[in-house]
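[1] build the 3D model from these lines:
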Amino acid sequence: MKNRPAILVVDDDAALADTLREFLSLEGYHVEVAQSGAEALAIQAANPNIALAMVDLIMPLMDGLTLTVDLRRHDPDIAVVIMTGYGTIETAIEAIKKGAEDYITKPFDYEAVRKKLARLMEVMELRERVAQLEGHLERHACFESIIAVSPSMERLLERARLAASTEASVLIVGETGTGKEMLARAIHQASPRARMPFVAVNSGALPRELVESELFGFRRGAFTGAYADAPGIFSAASGGTVFLDEIGEMPKEVQVKLLRVLQEGELRPVGSTKSLHVDVRVISATNRALNDLRTTFLREDLYYRIATVVLQVPPLRARPEDILVLSQHFAARLARRYGREISLSRNAIELLLAYSFPGNVRELESLIESASAVSADDPQIVTDKDLKPVLSGEMSEPAAAMNHPVSMDQMERLTIQQALRMADGNRTKAASLLGISRDTLYRKLRQYQR
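    From the prediction side, this is the model:
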């Protein structure tokens, strides 16, 4: 719950309010007292720990029902209890329609008040626990679309989860095809900004003369063809996240304006004399080396602004465990799309493990789809002969990126163990992650126990 739950008592009868304050203080609550609606709203604005308000129904200027609406407008989670000497059913129904949790009648039965407040506090604590649990599950679910079991990717995703809960600018570094935008989307979806826009822009794909107007907008008449005001990407994403891919390709003159957005939360559309406030989180990505990015392609002050958290995505050739699990995942997804069974042979997997993957995960997906699309076999087993015609990179020793040679059986066993660990021991979920049936997983586990 809020750090130290407090109760706000609102009653124009000063003597009664003081009596109630003394009683609630003895019960262990922190109590604030107001004698009018305006004073109550001011106290609420100054004290974010107020969890419950006890509001008199009949007060001058602003009555209790009106105040209930205003209190809940400022904090939808606040619980309101109406206090009234006119405890009719009609009043109670109207109070609850306005958002009150309950009502109590004057003169008070303090034992009833004690029990009622204790029950409300328990309910609010339970709601908060459920919200925290749902938030935890939602944040972790955001990363489930990223299929990986290698230790290096597990460490990366844990750092990404931690970064997601902050407002820090994130720089994602990795080769083309490693899934930088997918990681950026997962960070956004796991962040407090998840319900606001995520806008991705490729800095290298924008025409140089249009980068500034695309990012920051423009005013009518700012240049030829500017027939109406346009908000720009940052304004369109206000409250959410802007993903700047290939940040190193951004012109230096535009980098100055981006720096102002990050430092001051302000931008000035092209052709405007006024600055606009904008609230966005920036996640950037690059396939360039960090040192080159900092010293050659970006202003140094901008680099340090966008690189508060740096996430380096390892290339696929450096994590062979993921080659196996991703291959099976893509084959299983294609099988669902085409409505037929698709799997990879042992020699196909060995070929993939020996391949350098210059295009990384994107290339692996394309390879398997290319091999599957030219066949109507059901079941289809993709072999090394199906894959060789579409390979474009160099071959290397299988599992060369690992500390020591690993056999195919050892690789498969390691991948299954890591999938089970990711699934917290849930074999059905692990089988789904691996792209195999639960029966196949059980059969392989029995083999390893021999």
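[2] domains of this protein: list them as residue ranges, please.
    6-134, 151-314, 317-448 (automatic domain parsing).
[3] I'd like these laid out as JSON lines, including mean neighbour count.
    No exception for glycine: its C-beta is placed from N, CA and C like everyone else's. Converted to JSON lines, these look like this (neighbours: other C-beta atoms under 10 Å):
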{"stretch": "domain 6-134", "mean neighbour count": "16"}
{"stretch": "domain 151-314", "mean neighbour count": "17"}
{"stretch": "domain 317-448", "mean neighbour count": "17"}
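[4] of all the ones you listed, which one comes closest to Cys142?
    Evaluated over the domains of the chain, closeness to Cys142 peaks at domain 151-314, with 4.0 Å, by C-beta to C-beta.
[5] reformat the domains of the chain as TSV; add distance to Glu144 and mean pLDDT.
    Shown next, in TSV, are these (distance: least, C-beta to C-beta, whole Å; pLDDT from 0 to 100):
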stretch	distance to Glu144	mean pLDDT
domain 6-134	15	85
domain 151-314	9	90
domain 317-448	9	78
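[6] for the ones you listed, which one sits closest to Ser145?
    Taking C-beta to C-beta as the measure, the domains of the chain were each checked against Ser145, and domain 151-314 came out nearest at 6.8 Å.
[7] the closest one: how far from the chain's middle?
    Between the centre of domain 151-314 and the centre of its host chain there is 16 Å, according to C-alpha atoms, centre = their mean, to the nearest Å.
[8] start to end distance for that domain?
    End-to-end distance for domain 151-314, by C-alpha to C-alpha, to the nearest Å: 11 Å.
[9] re earlier: what would the domains of the chain look like in JSON lines with distance to Phe143?
    Formatted as JSON lines, the entries for the domains of the chain read as follows, by distance: least, C-beta to C-beta, whole Å:
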{"stretch": "domain 6-134", "distance to Phe143": "16"}
{"stretch": "domain 151-314", "distance to Phe143": "5"}
{"stretch": "domain 317-448", "distance to Phe143": "10"}
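[10] tell me the secondary structure for the residue nearest to Glu369 when sequence neighbours are not counted?
    Computed as C-beta to C-beta, 6 or more residues apart in numbering, the closest residue to Glu369 that is not its neighbour in sequence is Leu334, at 6.2 Å. Under the three-state scheme (DSSP: H, G, I helix; E, B strand; the rest coil), Leu334 adopts helix.
[11] isn't Leu334 up against Ser366?
    No: with contact defined as C-beta atoms under 8 Å, Leu334 does not count as touching Ser366 (11.5 Å).
[12] which stretches of this protein form strands?
    With DSSP state E applied, the chain shows strands at 6-10, 30-34, 50-56, 79-84, 102-105, 170-173, 198-202, 241-245, 266-267, 276-277, 281-286, 309-312, 342-344, 380-382, listed in chain order.
[13] next, the angle strand 79-84 makes with the longest one.
    So that's strand 50-56. Direction vectors for strand 50-56 and strand 79-84, defined by axes from the mean of the first three to the mean of the last three C-alpha atoms, to 10 degrees, enclose an angle of 20 degrees.
[14] packing partners of strand 50-56?
    Counting by 3 or more C-beta pairs under 8 Å, 6 or more residues apart in numbering; DSSP states H and E, the packing neighbours recorded for strand 50-56 are strand 6-10, helix 37-46, helix 64-74, strand 79-84, helix 110-141.
[15] can you put those in TSV and add distance to Thr178?
    Conversion of the helices and strands packed on strand 50-56 to TSV gives the following (distance: least, C-beta to C-beta, whole Å):
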stretch	distance to Thr178
strand 6-10	49
helix 37-46	47
helix 64-74	45
strand 79-84	48
helix 110-141	21
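[16] closest to Glu94 out of the ones you listed?
    helix 64-74 (6.4 Å).
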